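Novice: Take this sequence and fold it.
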Amino acid sequence: MSDVPLLRNRSGTARDRDPQAPVEELEIEAAIGRNVRQLRLQQGLTVSEMAARIGISKAMMSKIENAQTSCSLSTLALLATGFDVPVTSLFRGADVERPAAFVKAGTGARIARNGTREGHEYELLGSLRGEHKRLECLRVTLSEKSQTYPLFQHPGTEFIFMLEGVMDYSHSRSVYRLYPGDSLQFDGEGAHGPVDLVELPIRFLSVIAFPDSAV
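Specialist: Prediction:
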């Protein structure tokens, strides 16, 4: 077993889920946690300070913010009083339907991108528009060599994951040889694209996150 420590993503929350628990309950807990954290930060308070203000433990306050517990009605009343807000404001966003895109194998729409040519196929695996960005997911298949290849530039960040074949891929002033399992993440403003198809056929996933200005 490797001694290299695991990298942990701390940008969200994670918790154990009872398979029998209704998803709606989890959504409510997540909304309460999100709103409580936002209100606390708006008032410039630490977790300890807020817990002391409303008379609960720091550990319980932390569990509420991380959606790791269900709040009782009395705790909700304490939170609302402590923040000086209506109880209903603690549930804001719980009823919002969060978007997802599910594409069955082989049903993705074929699309044409600038530079598309014979032997270059782009299959759209999903596209979501959120509050702050648009996410576009493609499966790209390159099956024929050519004298020239398309060079792309676009706002946002792109992530490539190789599935099959070998290719040399250029970004800005660097060229990367990509094998199955390799990945490459880069600034889309830098000119990028394949420069040599070493082993055909080539298939890779391309995920592009466009910023606000491109939505």
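
Novice: where along this protein do the strands fall?
Specialist: 109-111, 120-129, 134-142, 157-171, 174-178, 183-187, 192-210 (DSSP state E).

Novice: what would those strands look like in CSV with mean pLDDT, distance to Phe91 and mean neighbour count?
Specialist: (Glycine included, C-beta is placed from N, CA and C.) Shown next, in CSV, are these (pLDDT from 0 to 100; distance: least, CB to CB, whole Å; neighbours: other CB atoms under 10 Å):
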stretch, mean pLDDT, distance to Phe91, mean neighbour count
strand 109-111, 76, 37, 11
strand 120-129, 76, 25, 16
strand 134-142, 89, 27, 18
strand 157-171, 93, 34, 18
strand 174-178, 93, 47, 14
strand 183-187, 90, 37, 14
strand 192-210, 92, 30, 17
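
Novice: out of those strands, which comes closest to Ala31?
Specialist: In terms of CB to CB, the element of these nearest to Ala31 is strand 120-129, at 20.1 Å.

Novice: quick one, longest helix in this structure?
Specialist: As assigned by DSSP state H, the longest helix anywhere in the chain is helix 23-42.

Novice: by contact count, what packs against it?
Specialist: helix 58-65, helix 73-83 (3 or more CB pairs under 8 Å, 6 or more residues apart in numbering; DSSP states H and E).

Novice: how about 6 Å then?
Specialist: Applying 3 or more CB pairs under 6 Å, 6 or more residues apart in numbering; DSSP states H and E, one finds that helix 23-42 makes contact with helix 58-65.

Novice: who touches the helix it packs on?
Specialist: With contact meaning CB atoms under 6 Å, 6 or more residues apart in numbering, helix 58-65 is reached by 33, 36-37, 47-48, 50-51, 69.

Novice: What lies in contact with the longest helix of the chain?
Specialist: 50, 64-67, 71, 83, 90-94.

Novice: which parts of that helix are buried?
Specialist: 27-37, 39-40 (16 or more other CB atoms under 10 Å).

Novice: And those residues, which is closest to Gly108?
Specialist: Set against Gly108, the nearest of the buried residues of helix 23-42 by CB to CB is Glu27 (28.8 Å).

Novice: And that closest one, how far from Arg92?
Specialist: 12 Å (CB to CB, to the nearest Å).

Novice: which residues sit against stretch 202-215?
Specialist: Stretch 202-215 is touched from outside by 132-142, 155-165, 167, with contacts defined as CB under 6 Å, 6+ apart.
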